[in-house]
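In: Okay, here's the prediction I keep looking at, along with the sequence it came from:
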Protein chains: 2
Amino acid sequence: MSKNALDVRQEDNFADWYQAAVRGGELAEESGVRGCMIIKPWGFGIWERLKSAMDAEIVAHGVENCYFPLLIPLKHFEQEAQHVEGFAKEMAVVTHHRLSMIDGKLQPDPDAKLEEPLIIRPTSETIIGSAMSRWIRSYRDLPLKLNQWANVMRWEMRPRLFLRTSEFLWQEGHTAHATREEAEAETAAMLAMYKKVVEETLALPVIDGVKPEHERFPGAVDTLSIEAMMRDGKALQAGTSHYLGTNFAKAQNIQFQDSDGEWRYAHTTSWGSSTRLVGALVMTHGDNDGLRLPPRAAPSQIVIIPMLKGGDQDEALLEYCRDLARRLSAGQAFGEPLRVRLDDRPERAQIKRWDWVRKGAPVICEIGARDMEHGAVSFLRRDQLRLDGGKPNVRSEPIDMFADNAGDICENIQQALYDQAETFLRSNIVDDFASLEEVEALFAEDGAKWARIPWARPTGAELDAFVERLKASKLTVRNAPFEQGEVAGKCLVTGREAVENILIARAY
Amino acid sequence: MSKNALDVRQEDNFADWYQAAVRGGELAEESGVRGCMIIKPWGFGIWERLKSAMDAEIVAHGVENCYFPLLIPLKHFEQEAQHVEGFAKEMAVVTHHRLSMIDGKLQPDPDAKLEEPLIIRPTSETIIGSAMSRWIRSYRDLPLKLNQWANVMRWEMRPRLFLRTSEFLWQEGHTAHATREEAEAETAAMLAMYKKVVEETLALPVIDGVKPEHERFPGAVDTLSIEAMMRDGKALQAGTSHYLGTNFAKAQNIQFQDSDGEWRYAHTTSWGSSTRLVGALVMTHGDNDGLRLPPRAAPSQIVIIPMLKGGDQDEALLEYCRDLARRLSAGQAFGEPLRVRLDDRPERAQIKRWDWVRKGAPVICEIGARDMEHGAVSFLRRDQLRLDGGKPNVRSEPIDMFADNAGDICENIQQALYDQAETFLRSNIVDDFASLEEVEALFAEDGAKWARIPWARPTGAELDAFVERLKASKLTVRNAPFEQGEVAGKCLVTGREAVENILIARAY
C-alpha cells in the first residue's frame, strides 16, 4: 500500500487524524489567541456554501435576517444568575474602553473603566428577547421571525478547531407566535430545514428526533435535534430546534394584545447551527489522504493542474487548460454553474496534486502534453482516489466528453459520498439488546456503533440513575428518532412496557 | 402642502431629519449599549444587498474570503504605541474570561483574569499581516489576496446610527504582491470596484481620486477614495483603497524569496468599506417623507397592500393580490427575479401605505375592490410620491400591463434616483475662485456646496498653514479627482503654477 497523504491514520488516532486533516486541508489554524481560530479561504469557502444554502431556506420560510450587538450588558445575566447556585460562566468580559501607554506600559486605561462590564455575546437570546418585547404589541405584529448570522464567544479551556472554539460563527433563529400550534409547527419546520440542508449540501445523513426531557435546552418544552455519525462512531449534534412554550416570553415579557383584546404571552422558538458543521463534514467524509468534499460544499469543484515543464510548450498547455476551464465553467451541476479553478502556480504538478487531494477537491484534472496532443483530459475523482494497489486512479476522457459529463460527475460524487455515509450510519446502529449490560458491552469494544433501545420514558430517580450509569461509559441519549420503526420489547431501563426507541452514543 | 410622513424636515434640521428617517424607515435602533445599534430587518436587508453585490465583484477579482479572530493580543499594538507619544486608543478591552456571582454580586471573576488583556478588533490589519508573514514564503505564494466581512469595534463617545457606531460591519481587503506595479494596479482596481458597486447598487454618484499626502492612511504611499455628496452638501468618504508600498510588509515582516533567489518585502494594499454606506444612502436619496431606496438595494422592490374591509370580499381581494404577487415575482429587474412582498397584516391600509413610504419601498401597490373589478393595479412610485399639490400620486394600470412593466419601472426608478443625485452633485461643485477668502465665503453661506480649486501640492509649513486654515472653517481636502478637467490658473494656496484640482468640503 502506498503512503497516504496525511501522516496520521484515522484508525490509529482519530483525534490526531482530525487535526492533520484540518491542517492538511488548509481549513483553519490556531491564531495565537486561545481557542480562536483563523478560518482560511478553503475552510471559509465551505462555510459560505453552507451558509448560502441554509440562508436561502431560512428566508424562503419567511424569516428576516437582522443584526444585534456584539456586547451584552451584565444585567442580562442577572436573572439567570439568581436562579443558579454558584453561577459562573466562561465568557469574555469587557471592562475598559481605552488602551493607553501609561508609565511605559501598554494597558487598559484606569480612567476608562466601564461603569458596568459588558459581555461578548455567548448567544443573543436575551438581547433579541428584549427587542421582541419592545417590538411586539399586538397580534398584528405576529408571527415575528428573526434570524442572525454572527460570531459568538464562549471561553474554551480545551479548544479544538471547528469542534470547540472560543469564538465560532453561527446562526440563531428566534420566532414568536400567537399560538402553541403555530410555534410547534415552526420548531418542526426549522429542524426539517436543517436536515434538508445538511443532507443535501454537506451530504451528511442525519437522524432527526426529539430529545428526552433531561437533554432539553434549559427552558424548552421540546428540543428537536438532528444527529450525525462521525467515522469514529461518535454522534455530533448537527442542529437543534426548540419550542420554548411561553417560558421565554414570560422571562422576557413578550406579550401581545390578541384580537379579542386580551393580553397574552407569545409562544416562542429558537434554533441554531454553527461552524461545528465544518468539523462534522471532515469527520464524516475524510480519509487517510485528507478531506473529501461533497461538490455542493466545495469552494472549487474541479481543479485543473497544468503539468508545466518550464519550456516552450508551457504557454500552449496553459491555453489548453484555460480553454478547458472556460468550457467547464459554462456547464452546470445542481442547477448552478460549475466552480472551476485553474491552479497555475509555478509549483511542481505532483505537489499541487497532493495539495488538492488533501483539500478534498472533488475532481482533479492533470493536464500534460500528451493530453493536449490527444485532445484529452486526465482526471482523478477524489472519492475514488486509489486503485486497489493504492495507486492513484487517474482516468482519461476526450475533452468534449469530459466537458459534457463534468456536471454529472459532480452530482455523482455528491450522491456517492452521501450513500457511503448513509450505509455507514445505518449499518452501525445496533439494536436487539436484552439488557443495559449488553449495551455497555457494545461500547466497551472498539469500533463505530450507536445503540437503539426501547424505553418507557422514565422520570425522576429512575431517569437520574440511568443517566449516571450512561455517564460512567461516557454515553448520552441522543434522541428518540421520528422514524421509530418497531418498538420491540420492554424498556431496558425500567422493565416496563416501552413507548419508544431512543439512540444512545458517545458524542462530540 | 400636505403634511409630510416625517415630523422633521430636511431643510430645518438635517441631523434630526436623519435620525427620524432612520427610525421611521425601521433601519436600526439603539441597543442600550452605548454606540452599538440593532440593525433591523429592513436595514439589514439593504446591507445584505450591498454586501452580495460587492462580494461578487471581490470574488470575481480573484480575492479569497476568510475569517480572522475577533480578539487581538495587546502586543499587536505595542509597536504602534512606541511610535506615538501619549498613545491612547478607544477600544474595547477584554480582561476576564469568566462572569461569576461573588458575594451576591455578578462580576468579572478575579480568578479568571487574563494574563494579557485582549482587544476587540478595531481592524484586523495586524493579525492578517502576521498571518501573511507566516503564509508567504516564495514568489509562488504571491499574489495573496484576502478579504474579510466582519464586525469591528472602536469606542465612540458621540455615536450616530450607521454613521458613527462603536460596533460596525465592514469588509477589509488585504493583498500582497511581488511588485510595485502589480500592487498599484490592485489598489486602483479595488477603488474602481467600490465606485462601480456604490454607483450601481446604491445609486450614489461618487468622485474618485487621490488623497493629498496629509490625508493619507498612516503608512500608505497612496490613498485613493470615492467621495459622495449628501443632501446637506457634506462629503462622505464611501470607500478607500491604499497602496502601502513595502512599509506594512516591513512592519509585519512579510518577505518572499523571489524567482532569482533573493528575499524581498512584499508590496501590499488594503481597502475597506462599511455599514456607513447605509447612512450615505439615507442622506443621498431620503426626503421629508422618509427613505427612497434604489430598487437594487431594496429588500422588497414592490409592496402590495390589499385594502381589506373586514368583509366577505376580503378573501377574493387577497387572492387577487396573491396572483399579482406571483405574476410580478416571475418578472425580472437587473437580470434577477423581482422581490415582491404582500403586506397582508391585519392593519389599516393607510397605515401600511405610510409605513412603506417611510421605508422607501420603490413601488407601492394599493389594491382595492375597484381595482379587482377592473382587473387593474393602483400604485405609487416612491421617487414620484407627490403631485404638485402634495397629494400622493397614485396611478392605475391594467394588471397585465403593470406585470409586464414592473421590471422596467424598477430599472427606471434606479436610474432616476441616480440621475437626481448626480445632477445634485455636479451642480453643487463650485470652481473659479480668485482666492481662499472666496472659498471661505462660499462655506460661510448655507446650502450644499463643494469647492474645486487648483493647487500646486504644497508641502511642509505651507501645507500645514493651509490645513489649519481649512480646519477653522471645518473644511478638509477630499481628493484630487482622477477626472481633472482643466487645471486653470495659479495655486490658491501658494500662488505658484497649479498642478491639479482638489475638492474641498465639510465631511462626515
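Out: That came through fine.
In: Counting by contacts, list what the helix or strand where A:E200 lies packs against.
Out: Element membership for A:E200, per DSSP states H and E: helix A:180-201. Applying 3 or more CB pairs under 8 Å, 6 or more residues apart in numbering or on different chains; DSSP states H and E, we find helix A:180-201 packed against helix A:41-60, strand A:167-177, strand A:207-210, strand A:222-229, strand A:235-243, strand A:267-274. Backbone N, C-alpha and C define where each C-beta goes, glycine included.
In: Point out the other helices and strands that the fifth one packs with.
Out: Applying 3+ CB pairs under 8 Å, 6+ apart, we find strand A:235-243 packed against helix A:180-201, strand A:222-229, strand A:267-274, helix A:276-285.
In: and if you look at the last one?
Out: Strand A:267-274 is packed against helix A:125-135, strand A:167-177, helix A:180-201, strand A:235-243, helix A:247-252, with contacts defined by 3+ CB pairs under 8 Å, 6+ apart.
In: rerun at 10 Å
Out: The elements that strand A:267-274 packs onto, with contact taken as 3 or more CB pairs under 10 Å, 6 or more residues apart in numbering or on different chains; DSSP states H and E, are helix A:41-60, helix A:125-135, strand A:144-153, strand A:167-177, helix A:180-201, strand A:222-229, strand A:235-243, helix A:247-252.
In: can you tell me which of the ones you listed comes nearest to A:R23?
Out: helix A:41-60 (10.4 Å; CB to CB).
In: what about the closest one and chain B, touching?
Out: Yes: with CB under 10 Å from any CB of the partner chain as the measure, helix A:41-60 is seen reaching chain B through A:41-45, A:47-48, A:52, A:55, A:59.
In: how does chain A divide into domains?
Out: Listed domain ranges for chain A are A:14-95+A:122-285, A:302-412, A:429-505 (source: the TED database).
In: Take those domains and lay them out in TSV including mean pLDDT.
Out: Listed next are the domains of chain A as TSV, based on pLDDT from 0 to 100:
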stretch	mean pLDDT
domain A:14-95+A:122-285	96
domain A:302-412	96
domain A:429-505	95
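In: Among these, show me which one is buried the most.
Out: domain A:14-95+A:122-285 (a mean of 20; mean count of other CB atoms under 10 Å in any protein chain shown).
In: can you redo the domains of chain A as a markdown table with distance to B:A228?
Out: Listed next are the domains of chain A as a markdown table, based on distance: least, CB to CB, whole Å:
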| stretch | distance to B:A228 |
| --- | --- |
| domain A:14-95+A:122-285 | 23 |
| domain A:302-412 | 34 |
| domain A:429-505 | 53 |
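In: how about the helices of chain A, start to end?
Out: Secondary structure of chain A by DSSP state H: the helices cover A:14-24, A:41-60, A:78-83, A:125-135, A:180-201, A:247-252, A:276-285, A:314-329, A:349-359, A:369-374, A:399-427, A:436-444, A:460-472.
In: Correct me if wrong: A:E497 contacts A:G489.
Out: Yes: taking contacts as CB atoms under 10 Å, A:E497 lies within contact range of A:G489: 9.1 Å.
In: Overlap in contacts, these two.
Out: A:P454 (CB atoms under 10 Å, 6 or more residues apart in numbering or on different chains).
In: Got the phi and psi for whichever residue of the stretch 151-300 of chain A sits closest to chain B?
Out: Per CB to the nearest CB, A:W155 is where the stretch 151-300 of chain A lies closest to chain B, at 4.2 Å. Here is the backbone geometry of A:W155 (degrees, to the nearest 10): phi -60, psi 130.
In: Contact partners for it?
Out: By CB under 10 Å, 6+ apart, A:W155 lies in contact with A:34-35, A:89-93, A:120, A:122, A:166-167, B:94, B:96-99, B:112, B:114.
In: just to revisit the earlier point, which of the residues of helix A:41-60 next to chain B sit farthest apart?
Out: Every pair of the residues of helix A:41-60 next to chain B checked by CB to CB; the farthest is A:W42 and A:V59, at 26.3 Å.
In: Quick check, the residue in the stretch 401-508 of chain A closest to chain B?
Out: For the stretch 401-508 of chain A, CB to the nearest CB, closest residue to chain B: A:C410, 19.6 Å.
In: So that residue sits against A:G335, correct?
Out: No: in this structure, A:C410 is not within contact of A:G335 by CB under 10 Å, at 11.6 Å.
In: List the contacts of A:R341.
Out: Taking CB under 10 Å, 6+ apart, one finds A:298-305, A:325, A:328-329, A:356, A:361 in contact with A:R341.
In: Kindly recompute the last result at 8 Å.
Out: A:300, A:302-304, A:325, A:361 (CB atoms under 8 Å, 6 or more residues apart in numbering or on different chains).
In: In strands, which of these appear?
Out: A:302-304 (DSSP state E).
In: nearest to B:C365, of those residues?
Out: A:I302 (45.1 Å).
In: Which residues are in contact with the closest residue to the closest one other than its chain neighbours?
Out: Nearest residue to A:I302 in three dimensions, chain neighbours excluded: A:V363, at 4.4 Å (CB to CB, 6 or more residues apart in numbering or on different chains). Neighbour list for A:V363: A:295, A:301-303, A:379-382, A:406, A:409-410, A:413 [criterion: CB under 8 Å, 6+ apart].
In: what about 7 Å?
Out: Applying CB atoms under 7 Å, 6 or more residues apart in numbering or on different chains, we find A:V363 in contact with A:301-302, A:379, A:381, A:409-410.
In: A:E184: which of those residues is nearest?
Out: For the contacts of A:V363, the nearest to A:E184 is A:C410 (38.1 Å; CB to CB).
In: how far away is the closest one from A:F424?
Out: Here A:C410 is placed at a distance of 22 Å from A:F424 (CB to CB, to the nearest Å).
In: A:E483 too?
Out: Counting by CB to CB - A:E483 and A:F424 are separated by 18 Å.
In: What of A:K449?
Out: 11 Å.
In: Could you do A:R158 as well?
Out: 27 Å.
In: Looks like A:D222 contacts A:G245 (just checking).
Out: No: in this structure, A:D222 is not within contact of A:G245 by CB atoms under 7 Å, at 8.4 Å.
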